[in-house]
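# my questions are about this predicted structure, shown below with the sequence.
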Protein chains: 2
Amino acid sequence: MSHVQTTENLKIISLDVKDLRFPTSLHADGSDAMHTDPDYSCAYVTIKIQTGLEGHGLTFTLGRGTEIVVQAVKTLSSLVVGQVVTDIYKDFGTFWRSLTSESQLRWIGPEKGVTHLATAAIINALWDLWGKLLKKPVWQLLADLEPEQLVACIDFRYLTNVITKEEALELLKQGRKGKEERVNKLLEIGYPCYTTQAGNFDGWVIRMKKIRELAQKYLDLGFTAFKLKVGKNLYDDIKRLELVRNIIGWDKTLMVDANQVWEVQEAIDWMAQLAQFKPLWIEEPTSPDDVLGHAQISKALKPLGIGVASGEMCCNRVLFKQFLQADAIQFCQIDSARIGGVNEILSVYLMARKLGVKVCPHAGGVGLCEMVQHLQMWDYVALSGTSEGRYVEYIDQQHEHFVNPTNVKNAHYLAPRTPGYNTTFKPEAVANYVYPNGKEWESMFAKGIFSDPRKQK
Amino acid sequence: MSHVQTTENLKIISLDVKDLRFPTSLHADGSDAMHTDPDYSCAYVTIKIQTGLEGHGLTFTLGRGTEIVVQAVKTLSSLVVGQVVTDIYKDFGTFWRSLTSESQLRWIGPEKGVTHLATAAIINALWDLWGKLLKKPVWQLLADLEPEQLVACIDFRYLTNVITKEEALELLKQGRKGKEERVNKLLEIGYPCYTTQAGNFDGWVIRMKKIRELAQKYLDLGFTAFKLKVGKNLYDDIKRLELVRNIIGWDKTLMVDANQVWEVQEAIDWMAQLAQFKPLWIEEPTSPDDVLGHAQISKALKPLGIGVASGEMCCNRVLFKQFLQADAIQFCQIDSARIGGVNEILSVYLMARKLGVKVCPHAGGVGLCEMVQHLQMWDYVALSGTSEGRYVEYIDQQHEHFVNPTNVKNAHYLAPRTPGYNTTFKPEAVANYVYPNGKEWESMFAKGIFSDPRKQK
């Protein structure tokens, strides 16, 4: 740390959590076969230290249930408030374990579901704060950490049959070669992304006219990779994929996403019918918990040239470990807010690097694009050293609420330059969308657009 | 339904949930290497119908965090109140999915952690109510259901590559053969259990004198199977196992339990050192999420005659499916309150039956013994048709709070005769231990034994 800071003024004096909800269900934004009416939401954490500096972190939710995650953050906050942040950063892996293995709380996870989402929001806020303290964007903070400091952030428990701390160190040391050159390239052109917009709009059944417009729009914007939802009706899927291939041509990349609707054999059979459109991957063909099911699907689809992608609902590093071990996924879709924040995600990147699986982060929702860009950029400059065949998901939605939203140009995320994790909301976004008493919500309740939960007994 | 009941008076008019905590950490009851200071607790659900009849259900917790599960139950309650219970029971699998796949709430699970524990408490209360309506204990209610009715309780989503509804029906039809004879035998002698008491008392490191006393006590009570905690110190483990084998002899059954403390290779190496004591199984050798890790351990320990047991923290049927598919466990330890209640557990029993894996339920805590006895008795009379080589865990603790506690005689659970699921607390237990304002808690706060959470900001 380069500034004059006393231990006392680096003490965490408060942890605040808010339930923020955006009424995206009104336009069926981001809906899919499983999640038909999402109100993109988050548990939004603010951690303040004595100096007055604040770190902001969030975990993404779909509306109902955010109050449960908020309660979990409140319960965890006693483990955070009063700590000195520089002590946390010195031995961040140990602190991480103190949250995820608290002796009584562990039972209601462990390391999965609500408590892990809450952990992610807190941990992400601490990384935002760390970036702000060092005046660096998180991708650069990560890239500048010594390999020893970076592995000290990771809890290797349950991972050592696939990766040890020593192996991770070695990969990080190798990853530094040519870093400066890649940083310069990143600052110049950014990191490639794909769009889900041509297949993720206007409800699940997208009208053909809309598809045509959107595919053309994103093609014109320079996108070379497009993802469509599938899995509801085979005939419709064929018609829509035909249309999109006609517009984007065969030199562009096409992915499809089933959002967990299929049984294992059903996934194999259905995808055999869609193979003619040469999708790069089928995403979430079945239960996000089914490693062996995904392995079976991967094996069956490999001869058809189709990979399997999953991860946005993969609950922790132990599941990711198995997906990677079993060749159950060929595209690893880490999410920035489902597993326990940056620290745990680092371990997934390291396992993917060792086992040669490409990481293509999940994004969209609220704040997910803002966060994952940092992680993938760190991977590019300091670990895998390449962006070849990799993409970050991009959806142009809910960015306007952030002080420093993502900046996508020519189908590339531009490298963030501002300190932190880009997850600070504008004050008016908080004032309008805090649930249930934000201004926009009060107005919608008054108009009868939503019913007021405070009036239900 | 044999009684005169109108639809109207079978409507659910309220769902109440309470945070009940018992201060078991004061005596380190039930502590293990991971959970060092549990205060055995539960989220306790009361579902009332118009007639005034109440069903009671619970999910077990360890103290802190129960308030999060309570919040989740409150959120789910809007999906329950107002429903007609007989409609639920007619198509229980569909109702179950309406709780576990609610379009917005699903994101913060799915089907795991806090939301799934909350689902278990609600679903278990509905089974208690069903038993009370029909005036049958749940084991008998289950055994009396027609195979078609029973499979209608199950959501087969994500299971069909291992078991289909049709295969389940066939197994249930086969299972009925000889049922009456087994019911009579069950009513006469009960179902065999093992004790964890000789290795689960006085904190993790049990004193040799205590072990000697307890092993002898339970031997005298007729127990033939004993479980000890291991995994903290190899030398200690050897000394304690030596002592217990000396007391119980080599014709009795010994199990060991590591409570998830090991890495995969560490588990294999450690157990090789304990093989000399001929344990039947090693329980929870590593992460409860690590199917492939357990498979590797199982394979390594098979030549040593040691099986692998796990399940008390297995998060849902999809994980259980894989543990069973991969021969990762040879003893399937279902828990009555972690996965989504009776309905989901039935599917695990059916998969275990098909794949030939023995089910030996996890119990202890609060109310777990009361519940699992019903499930295992149903399996005995109506599915597997045997209790050979199977045991239910038994711990003599916290039973005094229930109106109809388990009744263990001569190392057998006696078959419950009272209607329901045996999970109704005595009114005084609720009044004393509701947290934080029960009488016992107020008294302990006043004495400074625990700090009052209401006085923390």
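Perfect, thanks for sending it. Numbers count the residues shown, from 1 in each chain, chains lettered A, B, ... in the order given.

# break chain A down into its domains, please.
Annotated domains of chain A cover A:3-136+A:427-455, A:168-413 [automatic domain parsing].

# which among those domains is found nearest to B:Tyr40?
Smallest distance to B:Tyr40 across those (C-beta to C-beta): 10.2 Å, for domain A:3-136+A:427-455. All C-beta spots, glycine's among them, are computed from the backbone N, C-alpha and C.

# among the helices and strands of chain A, which has the poorest mean pLDDT?
Ranked by mean pLDDT, DSSP states H and E, the helix or strand of chain A with the weakest confidence is helix A:208-220, at a mean of 91.

# list the buried residues in it.
With burial defined by 16 or more other C-beta atoms under 10 Å in any protein chain shown, the residues of helix A:208-220 counted as buried are A:211, A:214-215, A:218-219.

# make TSV from those residues and add distance to B:His362 to it.
Converted to TSV, the buried residues of helix A:208-220 look like this (distance: C-beta to C-beta, whole Å):
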residue	distance to B:His362
A:Ile211	51
A:Leu214	51
A:Ala215	52
A:Tyr218	51
A:Leu219	56
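
# and these, which two are the farthest apart?
Farthest apart among these by C-beta to C-beta are A:Ile211 and A:Leu219. That separation is 12.0 Å.

# can you tell me which helices and strands the least confident helix or strand of chain A packs against?
helix A:234-248 (3 or more C-beta pairs under 8 Å, 6 or more residues apart in numbering or on different chains; DSSP states H and E).

# contact partners of the helix it packs on?
The contact list for helix A:234-248 (C-beta atoms under 8 Å, 6 or more residues apart in numbering or on different chains) reads A:198-199, A:205-206, A:208, A:211-212, A:215-216, A:219, A:226, A:228, A:230-231, A:254, A:256, A:270, A:273-274, A:277, A:279.

# go again using 10 Å as the cut-off
With contact meaning C-beta atoms under 10 Å, 6 or more residues apart in numbering or on different chains, helix A:234-248 is reached by A:198-199, A:204-209, A:211-216, A:218-219, A:223-231, A:233, A:252, A:254, A:256, A:258, A:269-271, A:273-274, A:276-279.

# I'd like the next helix or strand past it.
Remark: after helix A:234-248, the chain's next helix or strand is strand A:253-257, criterion DSSP states H and E.

# could you give me the average pLDDT of whatever helix or strand comes next after that following strand?
Sequence order places helix A:264-274 as the next helix or strand after strand A:253-257, per DSSP H and E. Mean pLDDT, computed over helix A:264-274, is 98.

# and the angle for helix A:264-274 with strand A:253-257?
150 degrees (axes from the mean of the first three to the mean of the last three C-alpha atoms, to 10 degrees).

# give the buried subset of the contacts of helix A:234-248 as a PyMOL selection command.
Entered in PyMOL, the line below selects the buried ones among these, by 16+ other C-beta under 10 Å:
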select buried, chain A and resi 198+199+204+206+211+214+215+218+219+223+224+225+226+227+228+229+230+231+252+254+256+258+270+271+274+277+279
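
# what about A:Asp19, which SS state?
strand (DSSP: H, G, I helix; E, B strand; the rest coil).

# B:Trp441 is nearest to which of the domains of chain A?
The closest of the domains of chain A to B:Trp441 is domain A:3-136+A:427-455. By C-beta to C-beta, the value is 15.5 Å.

# ok now the closest one, how far from the chain's centre?
Offset of domain A:3-136+A:427-455 from its chain centre (C-alpha atoms, centre = their mean, to the nearest Å): 15 Å.

# over to stretch A:157-169?
23 Å.

# show the pLDDT at A:Gln373.
pLDDT for A:Gln373: 98.

# that one sits in which helix or strand?
Judged by DSSP H and E, A:Gln373 forms part of helix A:368-382.
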